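1. Predicted model and sequence below, questions to follow.
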Amino acid sequence: MSMSAGWYLRRLSRMGPREIGGRVGDTVRRRRWRSALPDCPSVTGARFTAVLPAGTIAAVPADAVKRLVAEADRLMAGHAEYFGVVRDDLTDPDWWYDPKTGRRAPEGYAFDVPYRDEDAVGDIKQIWEPSRHQYLTVLAAAYAVTGDERYAERVAGHLRSWWAVNAPLRGVHWTSGIELGIRLLSWVWIRRLLDGWPGAAGLFEGNPVAVNQIWHHQRWLAAFPSRGSSANNHVIAEAAGQFAAACAFGWFPASARWRTDALRSLERQLRANTFGSGLNRELATEYHGLVLELGLAAVAEADAAGVPVPATVRLVLLRMTDALAAVVDSRLRPPRQGDADDGHGLVVDGAGTDRWASLLTTGDAVFGRLAWWPEVTGTDVRTPLLAALVKPAEPSVTRPASRPAHFADAGLTILRGPGEIWCRCDGGPHGFLSIAAHAHADALSVEVRHDGVDVLADPGTYCYHGQPEWRRYFRSTLGHNTLQLDGGDQSVSGGPFLWTRHARSRVLAVDTTGSFDGGSARWCAEHDGYRPSVHRRRVELTAASRELRVVDEVRGPHRAVRLAFHLGPAVTADLAGNRAELTWTRDGEDRSAVLDLPGQLSWRAHRGESDPPLGWYSAGFGRKEPATTLVGTGSTGGAEKFTTVLGFRG
């Protein structure tokens, strides 16, 4: 997908004068750098001292080690999967090749590479992901826990291969700051985990090629930070990677300045990207996880290097951890809200390790769990490694005495009921900053689970580049459990990561306590995305009847309406008129519910349709599977009300 002139004009319209000035400066700098690549300063006597404390590896649980080694052995055999594409070529990867399209990114000056154009480059996510080198941190961790030098030698071979074909400012891997930042963090941990290997120093601090790469990565990040309307999770990854490298690889004349500037940016951007309640302002749950991972890794580097960190950094990470503990369901799954691209900050675990359980385990080790936190039974490799570096600090803030359910600043509310009923109600802002890059047009949507199973599901994200019709669908109002008017979205899209008009939502009433004493929990909100009409939604969860009631009201002129309910992929629906019998299985046990739909609308079930897309669920980036979507069509005028009742059986 290449961007049109119209897209650039729309994008420009969302920038302020300061951002425009900064981007003009970036353009001038890119042109100047084309012909003036400086030499890396000479480095002598460099040493790596940010090693793990003695006994750290011995503290890694045995089952986590087993999963890690199994994953490492798959990688050693060349097998990996990225965004639904299985690869068998990782014994000797082509760093610029996209196996999904069969295309290879062009060579040349980095800033000339049209990385958004899939026809010219391929699927950029498929090319970038292996070069984050997070599979190499897995291999390095396998060496650390086993002492098997095969893992270390494979890591060394791949790093030397990558450095040889990705000279500074040449090619697609020098175009995006988030990639450079995460790659630097991976290199820091690779060096740390390989510390017992005799070749570690010769691979890094004793290797002029590695030193040159590390210096140019940091120079790049210092020159081209994400700015203004783009200062979301990208700028945090850039700052975290820059800070980690400047701490662990502090061998250069500019290291102290880079470290200071990166820490200042990290502190400022963590605060800017996080609500006071602890939820991420992008309102995209996976980016909450990414930012939390990056922040924890940065604090670990600071403590390992003895660099003081502002108290606000730990405070934000503490609040993010408590917020995560508050919103997960009974199976420790958080909301599926906004964009998700399977991005991680630090990967040292094998397949089968639960990301969210791992983060909560780390939060327990670093901050201490609260009494209301959910129980976490899984194990991981990352927690003992980070906990060995992070110095415990008593929080200077009062933490929630009971489990929060309503996050007013984020407009997110969790209603809970018996039988592990979990319902997320969305009455928050339309994303973050002027472009709301990772937002979906999902105002007033609900997401309902029973014992961790998606019953009324958020369909997910699926893709970013290259498939515009699918990108539009998974971000659309019709692609969420909410109401659509006149066939359009509540917010106006200007491109795959750009919204030019944002629906404004406000929560009118919340009571999250009633369902715990046999009564009802209630939520009510409205949005103005369909001006002059107003869509108002009321949700009530009644404990005694195990019933969720959703009432949609549209105030304004006569308009065409579509009301969608997306079922999870495990749920089978038998639709007759305006009643759907829902069935699914959990842990070998049959479960069921009845969905009574508004009788004023004409209902139809859709599943796996492609022209146009409808009836899909994306469990992860690049993957999609058919799922049933129930869509009711009709019209509204005056103050029409549509009532939906979901009743759980058993």
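-> Sure, I can see it.
2. send the alpha carbons of the helix ranked longest in the chain over as CSV?
-> The longest helix of the chain (DSSP state H) is helix 285-305. C-alpha atoms of helix 285-305 as CSV (Å, rounded to 0.1, in the frame of the first residue of the first chain):
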residue,chain,number,x,y,z
THR,A,285,-4.4,-3.4,24.9
GLU,A,286,-1.4,-5.0,23.2
TYR,A,287,0.4,-1.7,23.2
HIS,A,288,-0.2,-1.5,27.0
GLY,A,289,1.7,-4.7,27.2
LEU,A,290,4.5,-3.6,24.9
VAL,A,291,5.0,-0.3,26.7
LEU,A,292,5.0,-2.0,30.1
GLU,A,293,7.6,-4.5,28.9
LEU,A,294,9.8,-1.8,27.5
GLY,A,295,9.5,0.3,30.6
LEU,A,296,10.4,-2.6,32.9
ALA,A,297,13.4,-3.5,30.7
ALA,A,298,14.6,0.1,30.8
VAL,A,299,14.4,0.2,34.6
ALA,A,300,16.3,-3.0,34.8
GLU,A,301,19.1,-1.4,32.7
ALA,A,302,19.2,1.7,34.8
ASP,A,303,19.5,-0.3,38.0
ALA,A,304,22.1,-2.6,36.6
ALA,A,305,24.2,0.5,35.6
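3. Please spell out which residues along it are buried.
-> Neighbour-count burial for helix 285-305 flags 285-305 (criterion: 16 or more other Cβ atoms under 10 Å). (Glycine included, C-beta is placed from N, CA and C.)
4. Ok, stretch 65-75 next?
-> For stretch 65-75, a neighbour-count test (16+ other Cβ under 10 Å) marks Val65, Arg67, Leu68, Val69, Glu71, Ala72, Asp73, Arg74, Leu75 as buried.
5. Of those, which belong to helices?
-> Counting by DSSP H, these place Val65, Arg67, Leu68, Val69, Glu71, Ala72, Asp73, Arg74, Leu75 in helices.
6. want to try a markdown table for those residues, with distance to Pro168 and pLDDT as columns?
-> Compiled in a markdown table, those are given as follows (distance: Cβ to Cβ, whole Å; pLDDT from 0 to 100):
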| residue | distance to Pro168 | pLDDT |
| --- | --- | --- |
| Val65 | 37 | 98 |
| Arg67 | 36 | 98 |
| Leu68 | 32 | 98 |
| Val69 | 35 | 98 |
| Glu71 | 31 | 98 |
| Ala72 | 30 | 98 |
| Asp73 | 34 | 98 |
| Arg74 | 32 | 98 |
| Leu75 | 27 | 98 |
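7. avg pLDDT for stretch 629-645?
-> What stretch 629-645 shows for mean pLDDT is 91.
8. what's the offset of that stretch from the middle of its chain?
-> Its chain's average C-alpha position is 33 Å from that of stretch 629-645, according to Cα atoms, centre = their mean, to the nearest Å.
9. now Arg264: how far from Pro225?
-> Computed as Cβ to Cβ, to the nearest Å, the Arg264 to Pro225 distance reads 11 Å.
10. Check Thr361 too.
-> 32 Å.
11. Equivalent analysis for Gly419, please.
-> Between Gly419 and Pro225 the computed distance is 48 Å (Cβ to Cβ).
12. now do Ala371
-> Relative to Pro225, Ala371 is positioned 41 Å away (Cβ to Cβ).
13. hmm, back to that, now do the longest helix of the chain: distance to the chain's middle.
-> What separates the centre of helix 285-305 from the centre of its chain is 13 Å, taken as Cα atoms, centre = their mean.
14. same for whichever helix or strand comes after it, what does it pack against?
-> Proceeding N to C from helix 285-305, the next assigned helix or strand is helix 311-327, under DSSP states H and E. If you count contacts as 3 or more Cβ pairs under 8 Å, 6 or more residues apart in numbering; DSSP states H and E, helix 311-327 packs onto helix 255-272, helix 285-305, helix 355-367, strand 412-417.
15. Just put these in JSON lines and tack on mean pLDDT.
-> Listed next are the helices and strands packed on helix 311-327 as JSON lines, based on pLDDT from 0 to 100:
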{"stretch": "helix 255-272", "mean pLDDT": "98"}
{"stretch": "helix 285-305", "mean pLDDT": "98"}
{"stretch": "helix 355-367", "mean pLDDT": "97"}
{"stretch": "strand 412-417", "mean pLDDT": "96"}
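16. Name the surrounding residues that touch stretch 616-623.
-> When contacts are defined by Cβ atoms under 8 Å, 6 or more residues apart in numbering, stretch 616-623 is touched by residues 82-85, 100, 125, 340-342, 454, 457, 459-464, 473-474, 566, 568-569, 608, 624-627, 629.
17. 7 Å - rerun?
-> Contacts to stretch 616-623, defined as Cβ atoms under 7 Å, 6 or more residues apart in numbering, come from residues 83-85, 340-342, 457, 459-463, 474, 568-569, 608, 624-627.
18. Which helix or strand in this protein has the lowest average pLDDT?
-> Sorted by mean pLDDT, DSSP states H and E, the helices and strands of the chain end with helix 5-13, the least confident at a mean of 74.
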